[in-house]
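>>> Could you look at this predicted model? Sequence included:
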Amino acid sequence: MKFVQITPGAGGMYCGNCFRDNALVAALRRQGHDTLMVPLYLPMTLDEESAYASTPTFFGGINVYLSQKIPGYRRAPAWLRAWFDSPKLLRWAAGKAAKTRAADVGELNLSMLRGEEGSQTRELEDLIAWLACQPRPEVVFLSNALLVGFARRLKQALNTRVVVFLQSEEAFLDSIPEPWRSESWNTLADRGREVDGWISPSRYFAERMQERLGFPKDRIRVVPNGIKLDGYSQLPPREAKAPGEPLTLGFFARQCPEKGLDLVVDAFLELRRDPAYRHLRLRVGGGCGPSDVPFVEEQKRKISAAGLGSDASFHPNVSREEKIAFYAACDVISVPGRQSEAFGLYQIEAMAAGTPLVQPNVITYPEILGDTGGGILYGENSPSALAGALRPLIANPARLRALGDAGRQSVFGRYTDEAMARDIHRAVLDLR
């Protein structure tokens with residue numbers, strides 16, 4: 001089949017959606033599908049080879065912003081708009097975007113949801129004019145529901161179907177202040193009626209968004225995210241540690257309150273106050289943008305104040321190879337997120353390295369850990385509850401190893417990029 005995948009870039013920040021879409025496009029191509037990846041807004045920061053190659057970036061972030069703030073700019077000459085879309089300027093804008101909060105872009109988000117009725121009409125028509133010169137796709141994939149405003153014009157101009165991926169939009173939309181929040185949800189529900197189908201990476205998020213948007217249940221399919229196993233498959237087998245040997249508690253996600261980094265730090269400090277856990281270490285990795293630095297520094301100060309600075313390490317914005325090594329160096333991972341989440345790639349990445357998870361019994365965690373057997377759940381999402389769940393595991397390294405082995409086996413069987421691409425192709429055929 002002929003597909004087009006449209007994916008927003010996050011500039012200098014690591015973005016799970018970008019990783020997932022890039023892996024999907026590469027896998028679809030390997031399976032014989034002619035698949036074109038089109039980036040939006042800003043360059044993508046990836047830890048694998050880019051699948052979009054020389055495809056131009058549309059909806060350049062600077063032009064999108066100026067079109068929103070200066071109505072007359074929408075008639076600016078093409079040469080000026082092309083200058084603002086230069087790779088050098090977009091890289092500069094990427095650094096600014098890393099400091100942007102959802103609460104600051106409510107009006108812009110609503111405009112994008114309105115598509116051809118919003119302030120970025122010219123950007124939308126430029127994208128469609130370029131796509132019209134390419135072989136006609138049978139399906140256009142939109143990376144997330146915030147792009148649903150594209151659907152009407154894509155279908156009209158290209159005579160194609162539009163399928164939208166669901167990727168944790170709920171938390172973003174709920175963080176926007178009023179009146180933009182309610183208007184965005186209402187516009188998304190209205191425009192969502194025009195798409196041909198939805199694909200969610202989890203049953204939990206499919207049910208959440210179906211409830212909030214009101215689209216028919218028969219228009220949504222569940223296909224778990226998958227990862228490329230290169231690097232993970234080369235990791236050597238891991239043996240259970242002896243009781244009392246140093247153990248490492250890890251956190252790997254964006255280093256921010258929403259992902260619960262402070263909860264992990266506080267659980268670590270609580271455990272280390274007990275001499276029985278003096279062999280526990282802490283390892284923190286994942287994306288850390290300029291807006292995250294003050295929060296991360298606060299966590300480091302808490303650790304240093306407890307006299308444990310030498311027993312904790314921070315590894316921001318690592319490469320793919322460093323990420324895999326990070327997971328393999330941890331004995332257990334916890335990312336106790338505070339917000340609604342569609343999936344969480346870090347869960348299957350950790351398990352692919354043979355590292356089990358300890359997660360709160362909320363959102364997608366019961367679904368993924370229940371399916372894989374690669375970790376345990378605990379109740380209240382608090383430092384004390386996390387520490388309580390970790391205690392028996394730290395005392396029983398063999399149990400940690402058994403959970404890690406079960407998770408790794410499940411990921412290698414069901415959560416690969418090849419399985420994801422195959423099942424998405426089947427979902428598209430089923431949605432006809």
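In hand now; what should we look at? Numbering: from 1, shown residues only.
>>> How about the backbone phi and psi for residue 231?
phi 100, psi -50 (degrees, to the nearest 10).
>>> how near is it to residue 368?
Residue 231 sits at a distance of 21 Å from residue 368 (criterion: Cβ to Cβ, to the nearest Å). (Each C-beta comes from the backbone N, C-alpha and C, glycine too.)
>>> more crowded one of those two?
Shown here are residue 231 and residue 368; by other Cβ atoms under 10 Å, residue 368 has more neighbours (27 against 18).
>>> what about that one, helix or strand, and which?
helix 365-372 (DSSP states H and E).
>>> For that helix, which outside residues touch it?
202-204, 224, 343-344, 347-348, 351, 357, 359, 375-377, 406-407, 410-411, 414-415 (Cβ atoms under 8 Å, 6 or more residues apart in numbering).
>>> Among those residues, which lie within strands?
357, 359, 375, 376, 377 (DSSP state E).
>>> Can you name the residues that contact the last one?
Right, residue 377. 358, 359, 360, 361, 365, 366, 369, 389.
>>> Most neighbours among those, which one is it?
residue 359 (27 neighbours).
>>> Look up the closest residue to it, ignoring the ones flanking it.
Excluding its sequence neighbours, the residue lying closest to residue 359 (Cβ to Cβ, 6 or more residues apart in numbering) is residue 365, at 3.9 Å.
>>> same thing with residue 169?
residue 145 (4.8 Å).
>>> Same check on residue 381?
Residue 381's closest residue in space is residue 360 (Cβ to Cβ, 6+ apart), at 4.0 Å.
>>> For the one you found, which residues are in contact?
With contact set as Cβ under 8 Å, 6+ apart, residue 360 has these partners: 336, 377, 378, 379, 380, 381, 385, 386.
>>> Now which of those residues would you call buried?
In the contacts of residue 360, burial by neighbour count holds for 336, 378, 381, 385, 386, counting by 16 or more other Cβ atoms under 10 Å.
>>> my guess is residue 329 contacts residue 282, does it?
No: between residue 329 and residue 282 there is no contact under Cβ atoms under 8 Å: 11.7 Å.
>>> what's the overlap in contacts for those two?
248, 250.
>>> Give the bridge partners for residue 249, please.
Beta-bridge partners for residue 249, by DSSP bridges, are residue 282, residue 332.
>>> Could you list the domains of this structure?
Listed domain ranges for the chain are 2-228+417-430, 247-414 (source: automatic domain parsing).
>>> In JSON lines: those domains, plus distance to residue 235.
JSON lines is the format used below for the domains of the chain (distance: least, Cβ to Cβ, whole Å):
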{"stretch": "domain 2-228+417-430", "distance to residue 235": "14"}
{"stretch": "domain 247-414", "distance to residue 235": "5"}
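>>> which non-adjacent residue is nearest residue 123?
Distances taken as Cβ to Cβ, 6+ apart place residue 59 nearest to residue 123, at 4.7 Å, with adjacent residues excluded.
>>> Quick check: residue 394 vs residue 266, distance?
Here residue 394 is placed at a distance of 16 Å from residue 266 (Cβ to Cβ).
>>> Which parts of the chain are strands?
2-8, 34-40, 139-142, 161-165, 197-200, 220-222, 247-252, 280-286, 312-316, 332-333, 357-360, 375-378.
>>> just these: most buried one?
strand 332-333 (a mean of 27; mean count of other Cβ atoms under 10 Å).
>>> got the contact list for it?
247-252, 327, 346, 350, 355-358, 390, 393-394, 400.
>>> try it again with 10 Å
Residues from elsewhere that reach strand 332-333 (Cβ atoms under 10 Å, 6 or more residues apart in numbering): 247-253, 264, 280, 283, 285, 326-327, 346-347, 349-351, 353, 355-359, 374-376, 389-390, 393-394, 397, 400, 403-404.
>>> likewise stretch 215-223?
24, 163-166, 189, 192-193, 195-207, 209-210, 213, 367, 419-428, 430-431.
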